[in-house]
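Undergrad: please work out how this folds:
(chains A and B)
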Amino acid sequence: GNSVTQMEGPVTLSEEAFLTINCTYTATGYPSLFWYVQYPGEGLQLLLKATKADDKGSNKGFEATYRKETTSFHLEKGSVQVSDSAVYFCALSNPTGGFKTIFGAGTRLFVKA
Amino acid sequence: NAGVTQTPKFRILKIGQSMTLQCAQDMNHNYMYWYRQDPGMGLKLIYYSVGAGITDKGEVPNGYNVSRSTTEDFPLRLELAAPSQTSVYFCASRTSTDTQYFGPGTRLTVL
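TA: Numbering: from 1, shown residues only, chains lettered A, B, ... in the order given. Next comes the predicted model:
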């Protein structure tokens, strides 16, 4: 079946540090991959997406590359800010999985000034 | 364009009471979803709908019901509220390219 595994948090970084949040997936066929972000007290919102192998999604300085050979979609940012403190969810959507999106458990990021 | 709206934002229920959580979207999306998010946890799918008149169970449907009479509205009904239903509830709709748009959530406490 389809599943998403992401690194456990919380992740605590100082401002301007490099961020990596690991995400791996299991799926048949050709899923689309997503990163969603949830700021305190809000709903999730799309951060970036990639729909095929070797695609790179990017937004607000965040990047993730769809790696089919390692079934991974790791989130990276070169220099985090305090305002990036949030919970980040990796997600997968697969035509073979019907109409549902599979979400990872979420990784909480704290950025200190 | 309001996106996905949810009401109420907060609610406290007594055990055994019932209520309806409202969800509406103005993006003409066919697919809509209800999730619950327990403190510090990820999302669990309660129910979803692929279009008006069509609904199906997710992974945690017990204690809930839904209806989808129009494309815009997707209310979630709680019957006989229990403390285990204390959670934050999110409604979402999905585009044809699989991106989900979430509402701001309803924080429900059952005492």
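Undergrad: neighbouring contacts of stretch B:61-80?
TA: Defining contact as CB atoms under 8 Å, 6 or more residues apart in numbering or on different chains, one finds that stretch B:61-80 is touched by B:13, B:16-26, B:28-30, B:32, B:34, B:46-47, B:49, B:51-55, B:82, B:84-85, B:89, B:91, B:108. For the C-beta atoms, the positions are set from N, CA and C on the backbone; glycine is no exception.
Undergrad: which ones are touching the residue nearest the centre of chain B?
TA: For chain B, B:W34 is the residue whose C-alpha lies nearest the centre (CA atoms, centre = their mean; 3.3 Å). B:W34 sits next to B:21, B:23, B:45-48, B:58, B:64, B:66, B:74, B:76, B:89-92 when contact means CB under 8 Å, 6+ apart.
Undergrad: pretty sure B:P83 contacts B:L111?
TA: Yes: in this structure, B:P83 is within contact of B:L111 by CB atoms under 8 Å, at 7.3 Å.
Undergrad: any common contacting residues for those two?
TA: B:I15.
Undergrad: state the helix or strand in which the residue in chain A positioned nearest to chain B lies.
TA: At 3.4 Å from chain B, A:G43 is the closest residue in chain A, using CB to the nearest CB. Assigned by DSSP states H and E, A:G43 belongs to no helix or strand.
Undergrad: same check, this time on A:L109
TA: Secondary structure (DSSP H and E) places A:L109 in strand A:107-112.
Undergrad: likewise for B:K44?
TA: Here B:K44 is covered by strand B:43-51, with elements defined by DSSP H and E.
Undergrad: roughly how far is the next helix or strand after that strand from the heart of the chain?
TA: Heading C-terminal from strand B:43-51, the first helix or strand you meet, by DSSP H and E, is strand B:54-57. Here the centre of strand B:54-57 is set off from its chain's centre by 12 Å, with CA atoms, centre = their mean, to the nearest Å.
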